[in-house]
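J.: Compute the structure for the input listed below.
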Amino acid sequence: MTQLSKQAVIDTLKEVIYFPKGDNIVNLGMLDALEVSDGKISFRLVFPKLDEPPVRIVGSTAEKMLRERFGNDISIEIVPITEKEKGLGPLAGVRNIIAVVSGKGGVGKSTVAANLAIAISKKGLSVGLIDADIYGPSVPVMFGVVDEMPEARERNGKPSIVPIERYGIKLLSIGFFVDVTKPLVWRGPMATSALNQLLGDADWGVLDYLVIDMPPGTGDIQLTLAQSYSVTGAIVVTTPQKVAFADVHRAANMFKQEKLTIPLLGLIENMAYFVPSDLPDRKYYIFGRSNGERFSEVLGVPFLGQIPIVDQIAASGDAGSPIALDDNHPVAKAFADVAEKVIESVKNS
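T.: Sure, this is the predicted structure:
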């Protein structure tokens, strides 16, 4: 018999599969309000609807496994509720939300987010990408959808935004709804309202990963995401310069605060070295060598990999065809390696 603890209960419930979505109830975010005390376990299970057979099956399976693990004398209270009651709505089908963050602009965070989304998708997973960089949206340009406009459809009696699909990725950006040639002069509440609409008023369907390209810094958008949504983890993007990491360090520490905890899945070192197109085997560490690994040690997070500087990265992004699409390019291989480490880090989080 296993000693009763909150983590032991969670580990046990990870063995309970919700077959309509093909994963366990913990990974799917169905476990809610778990409380564990002497001889008692109580929690809620969040379902799309309560009038379906899986509700009874999942509940009885969870109770059976808990009793086998902790004994028949344990008191177990399981309360099924709907996604509407929980307020999950359109994000109920999203298994993992990944925030791509940095402490400052100019580190290539949006480029990393876009190519990471594609690299994860090429692993056979369903992926969405939100451009939450409200004041500097770039996803429409990078995916070649500047002139497109998301459609709206009715869902549960309310209008819902339908993300644009490009290269197999579901996309939404504030850039679809504003004139990107003009500055957005918005106060914080307007910016957070825009984020809530991109997340909550869109029909994302079932996704393995929803990647969010966050704005730089530690402002209202970051606070709203951390406090209002169930984020699987954050990925920190930095360049090798120590001055860049100083800002990144502050941004990473924001998510370590007690009330804002989002797991840090790892660090990506962008612009790690320069590779000239005529000498593809040469690496020039123009901003310093091995700094990314040292930075990850300071943060206490996994080092997810290095992305080099090559002129094709900027050119492909400007052309609306992110470089991760080119299987033969070394940078695409670098993003593929990073994607594997991100997926592994999510599994271990």
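J.: Over to the residue positioned nearest the centre of the chain: give its phi and psi.
T.: For the chain, residue 98 is the residue whose C-alpha lies nearest the centre (Cα atoms, centre = their mean; 1.1 Å). Backbone geometry at residue 98, expressed as degrees, to the nearest 10, gives phi -120, psi 120.
J.: my guess is it meets residue 214, correct?
T.: No: in this structure, residue 98 is not within contact of residue 214 by Cβ atoms under 8 Å, at 10.2 Å. Every C-beta, even on glycine, is put in place using the N, C-alpha and C of the backbone.
J.: re earlier: just give the closest residue to the residue nearest to the centre of the chain, not the sequence neighbours.
T.: residue 211 (5.1 Å; Cβ to Cβ, 6 or more residues apart in numbering).
J.: Kindly state the pLDDT recorded for the one you found?
T.: Looking at residue 211, its pLDDT is 97.
J.: Run through the residues that contact it.
T.: 98, 100, 113, 116, 117, 120, 127, 128, 129, 130 (Cβ atoms under 8 Å, 6 or more residues apart in numbering).
J.: Assign it to one of the three secondary structure states.
T.: Following DSSP: H, G, I helix; E, B strand; the rest coil, residue 211 is assigned to strand.
J.: Show me where the protein has its helices.
T.: 6-13, 53-70, 83-86, 109-121, 139-142, 188-200, 220-228, 242-254, 291-299, 311-318, 330-348 (DSSP state H).
J.: Tell me which of the ones you listed sits nearest to residue 173.
T.: helix 139-142 (4.4 Å; Cβ to Cβ).
J.: So which elements touch the closest one?
T.: helix 109-121, strand 127-131, strand 169-173, helix 311-318 (3 or more Cβ pairs under 8 Å, 6 or more residues apart in numbering; DSSP states H and E).
J.: What about the closest residue in space to residue 48 that isn't next to it in sequence, how many residues nearby?
T.: Leaving aside its chain neighbours, residue 48 sits nearest to residue 83 (5.5 Å; criterion: Cβ to Cβ, 6+ apart). The tally of other residues near residue 83 (other Cβ atoms under 10 Å) stands at 18.
J.: ranking the helices of the chain by mean pLDDT, which is last?
T.: When I compare those, helix 83-86 is least confident, with a mean of 67.
J.: which parts of the longest strand that the chain contains are buried?
T.: What stands out as the longest strand in the chain, according to DSSP state E, is strand 264-274. Neighbour counts over strand 264-274 (16 or more other Cβ atoms under 10 Å) mark 264, 265, 266, 267, 268, 269, 270, 271, 272, 273 as buried.
J.: Just the terminal-to-terminal distance for stretch 63-83.
T.: 21 Å (Cα to Cα, to the nearest Å).
J.: quick one: buried residues of that stretch?
T.: 63, 65, 66, 69, 70, 74, 76, 81, 83.
J.: next one: stretch 9-20
T.: Result for stretch 9-20 [16+ other Cβ under 10 Å]: buried residues 9, 12, 13, 16, 17, 18.
J.: ok, now stretch 136-154?
T.: If you call a residue buried by 16+ other Cβ under 10 Å, then stretch 136-154 has these buried ones: 136, 137, 138, 139, 140, 141, 142, 143, 144, 145, 150.
J.: which outside residues touch that stretch?
T.: 105, 110-111, 114, 129, 131, 159-164, 166-167, 169, 171-176, 178, 180, 202-203, 213, 215, 317-322.
J.: Please identify the deepest-packed of the helices of the chain.
T.: Most buried of the helices of the chain by mean neighbour count (mean count of other Cβ atoms under 10 Å) is helix 109-121; its value is a mean of 27.
J.: isn't the residue nearest to residue 48 right up against residue 46?
T.: Yes: counting by Cβ under 8 Å, residue 83 touches residue 46, with 5.8 Å between them.
J.: Pull up the overlap in contacts between the two.
T.: residue 92.
J.: re earlier: any idea of the mean pLDDT in the longest strand of the chain?
T.: What strand 264-274 shows for mean pLDDT is 92.
J.: Break this structure into its domains for me.
T.: The chain breaks down by automatic domain parsing into domains covering 6-87, 90-348.
J.: End to end on stretch 247-267, go ahead and measure it.
T.: For stretch 247-267, the end-to-end distance is 14 Å (Cα to Cα).
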